[in-house]
Structure formats: C-alpha cells, structure tokens
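Colleague: Could you work out the structure for the sequence below:
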Amino acid sequence: MNSDFLEALADIEKEKGIDKEILLEAIEAALISAYKRNYGGSANNVRVQIDRQTGEVRVFSRKSVVENVVDENTQISLADAKKIDPRYEIDDIVESEVTPKEFGRIAAQTAKQVVVQRIREAERDILYEEYADREGDIITGIVQRHEMKNVIVDLGRAEGILTPQEQMPNETYRQNDRIKVYIVQVNKTTKGPQILLSRTHPGLLKRLFELEVPEIHDGIVEIKGIAREAGSRSKIAVTSNDENVDPVGSCVGPRGMRVQAAVNELKGEKIDIVKYDPDPSQYIANALSPAKVLSVQLEEEARVARVIVPDRQLSLAIGKEGQNARLAAKLTGWKIDIKIESQVLEGEGGGDIEEKADTPEDVRGVPGDEVETGNDQNSEDA
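Modeller: Presented below is the predicted three-dimensional model:
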C-alpha cells in the first residue's frame, strides 16, 4: 500500500462519512489475522502498523520480558532484552520487526476486503440511524410488491414492511400506489434496517392532523387522546392552550377541508373531533357526540360512568354495533353505562349498554375518527 491508498481512504471518509482512522484500525486488525494465517505458529503475538503518512505496512513481533523463558514465541529473557536496550524491565514488551517480503500483496488484498465490508456496514448503519430517528413519524412510500400477506413499501433509500395486522381492512394495496404510513419500529439487522410500518396505528391519525392543522404543529392546539377502529371510525380529543382559539374548529378547518384531508388519506374513515375537558363528566359527554347527553354520574372507584340520554338519542349514543360508545370508552378511559331518560323516570333498570374502556396500551396511545365537534354541523351519523 502507498500514499494513493491513503488518499482513497480520505475520499471514502468524505463521501461515505466513515472515519479514515477507523478504517485504518480495522485494516490493521485484519492484517494481524492474515499474517497469522499465512506465516504460521511463530506469529502468536504480533502488531501491524500502517504508516499514516506513507501507507507503509510493518509487522512487529511482541514478546514479554520474563525472568525465565517458557515460550520463546511470546517471551524473552530479561538478559536478552537488556542487550537490546538496557532500560527494559520485567513485564515490559519487546518489539522487533518481522515484516515478510511478500506481505505487501497480502496487505493490499486484505485492505480491499476490509474497506468494502466496512463501507457496507457503514451504509447499513447510516440507513438505520436515519430511519430510527423517524420512529413514531409519518412517511410517504410507494407500494412495491406483495410477499405472502405482507406489503413491501419503497421509502426511498430503504424498504418497509406493512404486515397484515397493520393494513387497513378496507384498503387494497396495488403496485405503485403512493401511501402515507406510520413508522412503528426500526430494527437493526445484518442486511440493513428492518422498518415496520402501519396504516392502523392511532399515531398515523395524530401525525396527519399535525400536518394539516398549523395550530397543532405550533402547540396552540393539543391532541389529548385518540381512539381508533382503523378503516371505520375514530374519535380524537383536542384542547386549546389559547382561549381565543377554538380547538375543534381549528381541526375541522374552513368548510371541513382540514379534517377532510385526513379522511381522504384514510380512505373514508370517519373522524369525530371532540373537545377535551378536565372534568371527566363533561369529557365523557363530549366523547359520546353526536349524541346529546342529559347527565353523567361517576363512580370513581370502579371508573364507571352512568350516562342518561334522551330516548330518541339512544341508538346514536350507542352507535352501530356499539361503536360510538366503545370508542368513547376507549377515549376517556371510563366504562360507560348508557340509559334512556324514560327508564330513569320510571325507575326501570333495563336496557343498559356498557362499554369497557381499554388501557392506553390497548388503544395504542391516542384517539381519533370522523370529525365530531360536539356540534351537529360537524358530526356524522353514528
């Protein structure tokens, strides 16, 4: 090797971001193995040095200074060491150059292999770091192909995997379709980063609103929770840190344009936007929108909410197959027991509808669905 080789390493450092010194150290370590492999048992303890100015490769044997020599390959007597340099003492290391004449050719081949391998590793590491930093973020990709039931999505510099569990039940993924996906997890593997994607994660809905609603991006409006049944309906609770800003109106946007953008991206998934309230009773009433709630009684220890609605609002409060009540329970974290007004007035106990709230882990972190504002004009039928 020569100075041209060092210049090539410097170019690699600039282009690939791989430290030149790390490459040289890796080559030196590989050359030790190459020396031992090619020059047998006498090479039990050697050191390889690459001159950082000229690129010259030198091999040194290393022997420990001892009183009585047991292994001549790794040890030297104190008397012999002092003949080389009187300053040597017991346990010092004596080095002597043992560079073979043919070692330059071996060194060049080994260096090439090491550099190629390190470049591949570095590129994998760079890709991993790039996408690992985007865990929990949204990214646009292009559907490449199907492998078994998995959908492989081209993300630009890498590919991501959309497993069956993370695919929307109402979607068909065709080759070259452009879709927005949520990066759930990035794993480091020997073949590069394994990027797990999702179209069903509540975080996808959260990120879509952050993209569409400047007030959320700026921190004026805050998303307090999302409950989602992907492909069907979601509820999202929002609050404002500025009393002059309507959080629900901000998310709906002029003529519903902002929320409609999210609905379109999710292929028609309905989104109810409700106002968060620190009072659990009011929060539960809001979460049951578009149904009107007459009263909410709380049982704190059991975390049960007894809700009374007008007779004609029962089906709306429960929703199709109990979906509205179920999402409200997930969103608020309360078990909801719904009764109609006439039953309460007559003292009857029948007709209860109960929906048990999932834990935050079960609902995967946040709330969302077709725009529900607490006002009929922004609500859709349950």
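
Colleague: Tell me where the stretch 1-150 of the chain has helices.
Modeller: All helices of the stretch 1-150 of the chain, identified by DSSP state H, counting those that start in this stretch, fall at 3-16, 20-39, 78-84, 103-132.

Colleague: For residue 156, give me its contacts.
Modeller: residue 141 (CB atoms under 8 Å, 6 or more residues apart in numbering). (C-beta placed from N, C-alpha, C; glycine too.)

Colleague: Got phi/psi on it?
Modeller: Per-residue torsions, residue 156: phi 110, psi -80 (degrees, to the nearest 10).

Colleague: same thing with residue 236?
Modeller: Residue 236 adopts backbone torsions of phi -130, psi 130, taken as degrees, to the nearest 10.

Colleague: Which strand residues bridge it?
Modeller: residue 226, residue 273 (DSSP bridges).

Colleague: separation between it and residue 56?
Modeller: 67 Å (CB to CB, to the nearest Å).

Colleague: Can you pick out the residue with more neighbours from the two?
Modeller: residue 236 (31 against 15; other CB atoms under 10 Å).

Colleague: What's the separation between the more buried one and residue 47?
Modeller: Distance from residue 236 to residue 47, by CB to CB: 63 Å.

Colleague: do residue 138 as well
Modeller: 51 Å.

Colleague: now swap in residue 89 and tell me
Modeller: Here residue 89 is placed at a distance of 20 Å from residue 47 (CB to CB).

Colleague: likewise residue 10?
Modeller: Residue 10 sits 24 Å away from residue 47, going by CB to CB.

Colleague: Next: residue 108.
Modeller: For residue 108, the distance to residue 47 equals 19 Å [CB to CB].

Colleague: what do you get for residue 178?
Modeller: From residue 178 over to residue 47 the distance is 56 Å, taken as CB to CB.

Colleague: And residue 94, by the same measure?
Modeller: Look at residue 94 and residue 47: by CB to CB, they are 12 Å apart.

Colleague: which residues touch the residue sitting nearest the centre point of the chain?
Modeller: The C-alpha lying nearest the average C-alpha coordinate of the chain belongs to residue 135 (CA atoms, centre = their mean; 2.3 Å). By CB under 8 Å, 6+ apart, the contact set of residue 135 is 183, 184, 185, 186.

Colleague: May I have the phi/psi pair for the second one?
Modeller: Backbone torsions for residue 184, taken as degrees, to the nearest 10, come to phi -80, psi -50.

Colleague: So residue 9 sits against residue 26, correct?
Modeller: No - contact between residue 9 and residue 26 fails when scored by CB atoms under 8 Å: they sit 10.7 Å apart.

Colleague: Of the two, which one has the most company?
Modeller: Shown here are residue 9 and residue 26; by other CB under 10 Å, residue 9 has more neighbours (22 against 17).

Colleague: nearest spatial neighbour of the more buried one, skipping sequence neighbours?
Modeller: Nearest residue to residue 9 in three dimensions, chain neighbours excluded: residue 20, at 4.9 Å (CB to CB, 6 or more residues apart in numbering).

Colleague: so the one you found touches residue 13, yeah?
Modeller: Yes - between residue 20 and residue 13 there is a contact under CB under 8 Å: 4.4 Å.

Colleague: picking up where we left off before, the residue nearest to the centre of the chain and residue 311: what is the separation?
Modeller: With distances taken as CB to CB, residue 135 is found 48 Å from residue 311.

Colleague: Ok, residue 218 next?
Modeller: From residue 218 to residue 311 the distance is 43 Å (CB to CB).

Colleague: related to what we said a few turns ago, out of residue 138 and residue 47, which sits in the more crowded spot?
Modeller: The neighbour comparison of residue 138 against residue 47 (other CB under 10 Å) goes to residue 138, with 19 against 15.

Colleague: All the helices of the stretch 201-350 of the chain, residue numbers only.
Modeller: Under DSSP H, counting those that start in this stretch, the stretch 201-350 of the chain gives helices at 202-212, 214-217, 247-252, 257-265, 280-287, 314-318, 323-332, 341-346.

Colleague: follow-up on the earlier one: out of the helices of the stretch 1-150 of the chain, the one nearest residue 319 is which?
Modeller: Shortest distance between residue 319 and the helices of the stretch 1-150 of the chain, using CB to CB, is found for helix 103-132: 38.0 Å.

Colleague: Would you pull up how far that closest one lies from the middle of the chain?
Modeller: 26 Å (CA atoms, centre = their mean, to the nearest Å).

Colleague: Mind giving me the packing neighbours of it?
Modeller: Contact partners of helix 103-132 among helices and strands, from 3 or more CB pairs under 8 Å, 6 or more residues apart in numbering; DSSP states H and E: helix 3-16, helix 20-39, strand 57-66, strand 178-189, strand 192-198.

Colleague: Within its sheet, name the partner strands of the shortest one and how each one runs.
Modeller: So the one you mean is strand 192-198. Sheet pairing for strand 192-198, assigned by DSSP bridges, gives strand 159-162 (parallel), strand 178-189 (antiparallel).

Colleague: among those strands, which is nearest residue 282?
Modeller: strand 178-189 (30.7 Å).

Colleague: List the buried residues for the closest one?
Modeller: Neighbour-count burial for strand 178-189 flags 179, 180, 181, 182, 183, 184, 186 (criterion: 16 or more other CB atoms under 10 Å).

Colleague: what angle separates that strand from helix 103-132?
Modeller: In terms of direction (axes from the mean of the first three to the mean of the last three CA atoms, to 10 degrees), strand 178-189 departs from helix 103-132 by 130 degrees.

Colleague: So for strand 178-189, mean pLDDT?
Modeller: Strand 178-189 carries an average pLDDT of 95.

Colleague: Endpoints of stretch 288-295, how far apart?
Modeller: Stretch 288-295 has an end-to-end distance of 12 Å (CA to CA, to the nearest Å).

Colleague: Noted, bye for now.
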